[in-house]
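*Asks:* coordinates only, sequence not included:
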């Protein structure tokens, strides 16, 4: 059972730990340890982190995990990390850094600590953790490790270190494109646009993965790299080169609006006004909630004016005025709607059958139609972090609610069991089992005494059976009659002699069957003894069952304790949900407010432009 | 106008770009208030996990006492010769559980997870457990196999493991039911 595969949380945690731990776990054939641990892993592999942690904790509490080395601790830390319990994960990883642990385990701990520190923006600590790793590393994990090293170096502005580390990464590594993009962005931030563009260009001409999922990821990055390269070239005063990048962005890409906007600005920058019209005419047809569309709505009439097409410019300004005004009204409605909107319901955060993965790429949530103007802010990490936390909290609340209902049912169940036992006890008491047993014992004693007397006195006739018994009864009655006649003074000597003879014959007949009847009598006595013993055992067993009924009592205590804890935790969860919802709402309201400000400014500019054009037209007419 | 708009677009663009640099990581908020709030959420998660653990143990003890408890797990070792679609289990000829496997289930089994398939109650004494496995066998052929085990239910919980193991010698999957000592 204890195979490499079945202990392989390390496939996702740290492959290098597999071999030593699996060897340590080999002698587990005589108990159920692996199934308990394995069921926790089964839940973890399906992304059910809450359930996985529960299974692991239950197995630990029952002492059902032994002989797996440091794997259970690594598993708990890894699952905790995935479930957003970073402090707890860090505590366990830190414990695993102890010098007595196998190097592979320490490496795993350092690696995950580095990831944790990176995710918290603690770049220097992440770099120090990575430097504590000791080779050799498993080939499967090596790329990811190198990728983390490069990203940390980029964050620390050590771009030369990052570049040389990138050169060591295999060309076919799936990390290559992401890292090149990151380096491109880093050089761009430093104002080194030539280096920046060269990295972006390697992404758009880079290695294309074969699988469909990877391919779609690659294409998203391809569009983003082209758009970024275009903007870098714009900043480097190379508008013509910039346009060459913008036009390659796919039309249905999420980056196409930014690329179209950049295309227009690049054309404008190279004084090619007619060329600028094309992308912006396309862009203004897009959703007004997009900032690119809004900006194009200002830029397009500006270009018309530069082309001296005042009529077209005025028409575009007027169209923009109408759309900006409508959008402002819509934003006001959204603002009002947001004040009372439940974030959990709006984003269906309480309807997931799977936990979110805190270290995976942030998940996307369905955006309600009423909030479509918030699309951009809703895709930001700050918002998605809040949503993940809100979802975790709302799933905790659901779980507690389910337990609350169950506890009520279990209380009824225990009460029902308790009352059924009481009923049974009452019924059994009505049977008066003890007094029945007592009278049976008395009866047995009497029978034994009689049998003993018969045996001692050799009372054959007492055990006579059949005709002998009936004749004995007649002879006994005859004897009594003779005694009465003799007492009355009559001569009964002849009858007495006949009586003695009949009695002698009967005694002889009874003696013939005496031994057998005595044996039968003793057998019956033994059977009676056995019956009484069995009755007594049953009575004891019933008594024990009734005595055991007191075990029901502790259930009440445990259920009540559970119910109290549930109520307390539900209150805490509710409080944190309210806090998180308010935080999320504030963030969205702030974004809406910013949008409102921008729109108001655009609207003012638009109205001024309209007034200016109308004024100019009026002056021309007068002239 | 160009400078204002284009500048804003560029800041916006690179702002987003930097957030997406590391696909696994979301930058944590650093202010103290947020850290303390995050800690409250984590503490609460830990408390609820502890409560959930206690309640699950209580539930099991209440509904499935040791003297009647029967637990069945399912595991798959390697799984190259068999692609599991469904499993049905009967106790004394009566169906107690049927499970259809999703890709996620199979992946979790394939990676070494062990599925807790069934928890129930049976009376003390002798019982016969039969498991029926359906799926695709070697060369993608439809495959249906059964495994049986007679057990004697005693005072301790009865723990069974339904195992699907690749037999390299036969190039076929093997199915067995194993009883574990609690």
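*Replies:* Good, I have the coordinates. Everything numeric here is computed off the predicted structure, so don't read it as measured data.
*Asks:* Could you count how many residues lie near residue A:411?
*Replies:* 16 (other C-beta atoms under 10 Å in any protein chain shown). No exception for glycine: its C-beta is placed from N, CA and C like everyone else's.
*Asks:* Pretty sure it sits in a helix.
*Replies:* Yes. Assessed by DSSP: H, G, I helix; E, B strand; the rest coil, residue A:411 belongs to a helix.
*Asks:* Does it touch residue A:559 like I think?
*Replies:* Yes. Judged on C-beta atoms under 8 Å, residue A:411 makes contact with residue A:559 at a distance of 5.3 Å.
*Asks:* any low-confidence regions in chain A?
*Replies:* In the predicted model of chain A, residues A:1-33, A:210-213, A:351-366, A:545-551 satisfy pLDDT under 70.
*Asks:* show me the biggest helix of it in terms of residues.
*Replies:* helix A:552-622 (DSSP state H).
*Asks:* okay, now residue A:435: neighbour count?
*Replies:* If we define neighbours as other C-beta under 10 Å, then residue A:435 has 9 of them.
*Asks:* The one 4 residues further on too?
*Replies:* Burial measure for residue A:439: 10 neighbouring residues, criterion other C-beta under 10 Å.
*Asks:* quick one: residue B:146 is in a strand?
*Replies:* Yes. Assessed with three-state DSSP, residue B:146 lies in a strand.
*Asks:* Residue B:161: what secondary structure?
*Replies:* strand.
*Asks:* Verify the contact between it and residue B:75 for me.
*Replies:* Yes. Residue B:161 is within contact range of residue B:75, at 6.0 Å (criterion: C-beta under 8 Å).
*Asks:* Same drill for the two, tell me which one is more crowded.
*Replies:* Ranked by neighbour count (other C-beta under 10 Å), residue B:161 and residue B:75 place residue B:75 first, with 26 against 21.
*Asks:* Residue B:160 is in contact with that one, correct?
*Replies:* No. Look at residue B:75 against residue B:160 with C-beta under 8 Å: they stay out of range, at 11.1 Å.
*Asks:* which residue ranges form the strands in chain B?
*Replies:* Assigned by DSSP state E, the strands in chain B fall at B:69-77, B:83-91, B:94-100, B:115-121, B:125-136, B:142-153, B:158-167, B:172-180.
*Asks:* Buried residues, the fifth one. List them.
*Replies:* When neighbours are counted by 16 or more other C-beta atoms under 10 Å in any protein chain shown, the buried residues of strand B:125-136 are found to be B:127, B:129, B:130, B:131, B:132, B:133, B:135.
*Asks:* Would it count as contacting chain A?
*Replies:* No. Strand B:125-136 does not reach chain A (C-beta under 8 Å from any C-beta of the partner chain); its nearest approach is 15.3 Å.
*Asks:* What's the mean pLDDT across that strand?
*Replies:* Strand B:125-136 shows a mean pLDDT of 94 in the predicted model.
*Asks:* now stretch B:104-122
*Replies:* Mean predicted confidence for stretch B:104-122 is 93.
*Asks:* Just confirm yes or no for it near chain A.
*Replies:* Yes. For stretch B:104-122 and chain A, the contact criterion (C-beta under 8 Å from any C-beta) is met by B:104, B:105, B:107, B:108, B:109, B:110, B:111, B:112, B:113, B:114, B:115, B:116.
*Asks:* That stretch: which residues count as buried?
*Replies:* B:105-106, B:108-118, B:122.
*Asks:* In stretch B:83-95, which residues are buried?
*Replies:* B:83, B:84, B:85, B:87, B:89, B:90, B:91.
*Asks:* Out of those residues, which comes closest to residue A:396?
*Replies:* Within the buried residues of stretch B:83-95, proximity to residue A:396 (C-beta to C-beta) peaks at residue B:87, which comes in at 31.7 Å.
*Asks:* residues near residue A:247, how many?
*Replies:* By other C-beta under 10 Å, neighbour count at residue A:247 equals 14.
*Asks:* wait, doesn't it sit right on residue A:260?
*Replies:* No. Counting by C-beta under 8 Å, residue A:247 sits too far from residue A:260 to count as a contact (9.7 Å).
*Asks:* you'd agree residue A:157 is up against residue A:186?
*Replies:* Yes. The criterion here is C-beta under 8 Å, and residue A:157 meets it with residue A:186 at 7.4 Å.
*Asks:* give the contact list for residue A:65.
*Replies:* The contact partners of residue A:65, by C-beta atoms under 8 Å, 6 or more residues apart in numbering or on different chains, come to A:33, A:36, A:37, A:56, A:59, A:72.
*Asks:* Farthest-apart pair in those, please.
*Replies:* A:33 and A:56, at 12.6 Å, using C-beta to C-beta across those.
*Asks:* Which one of those two is surrounded by more residues?
*Replies:* More neighbours surround residue A:56 than the other of residue A:33 and residue A:56, with 27 against 20 (other C-beta under 10 Å).
*Asks:* Excluding residues flanking it in the chain, which one is nearest that one?
*Replies:* The shortest distance from residue A:56 to any non-neighbouring residue, by C-beta to C-beta, 6 or more residues apart in numbering or on different chains, is to residue A:40 (4.1 Å).
*Asks:* name the element the one you found belongs to?
*Replies:* Assigned by DSSP states H and E, residue A:40 belongs to helix A:33-45.
*Asks:* so how far is stretch A:282-290 from its chain's centroid?
*Replies:* 41 Å (C-alpha atoms, centre = their mean, to the nearest Å).
*Asks:* typed the wrong thing, it's stretch A:81-95
*Replies:* Computed by C-alpha atoms, centre = their mean, the separation of stretch A:81-95 from the middle of its chain amounts to 17 Å.
*Asks:* do stretch A:597-611 as well
*Replies:* Going by C-alpha atoms, centre = their mean, where stretch A:597-611 is centred and where its chain is centred differ by 51 Å.
*Asks:* Can you give me the buried ones in it?
*Replies:* A:599, A:602, A:603, A:605, A:606, A:607, A:609, A:610.
*Asks:* Could you check how far the first one is from chain B?
*Replies:* With distances defined as C-beta to the nearest C-beta, to the nearest Å, the gap from residue A:599 to chain B amounts to 14 Å.
*Asks:* Give me the residues contacting stretch A:307-315.
*Replies:* With C-beta under 8 Å, 6+ apart as the criterion, stretch A:307-315 contacts A:273-274, A:277, A:301-302, A:304-305, A:609-610, A:613-614, A:616-617.
*Asks:* For those, pick the one with the most neighbours.
*Replies:* For the contacts of stretch A:307-315, neighbours tallied by other C-beta under 10 Å; top is residue A:301, 26 neighbours.
*Asks:* if we can go back for a sec, let me have the contacts of residue A:65 in JSON lines, extended by distance to residue A:404.
*Replies:* Below are the contacts of residue A:65 laid out as JSON lines (distance: C-beta to C-beta, whole Å):
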{"residue": "A:33", "distance to residue A:404": "33"}
{"residue": "A:36", "distance to residue A:404": "27"}
{"residue": "A:37", "distance to residue A:404": "30"}
{"residue": "A:56", "distance to residue A:404": "24"}
{"residue": "A:59", "distance to residue A:404": "26"}
{"residue": "A:72", "distance to residue A:404": "31"}
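*Asks:* Can you tell me which of these lies closest to residue A:168?
*Replies:* residue A:72 (34.4 Å).
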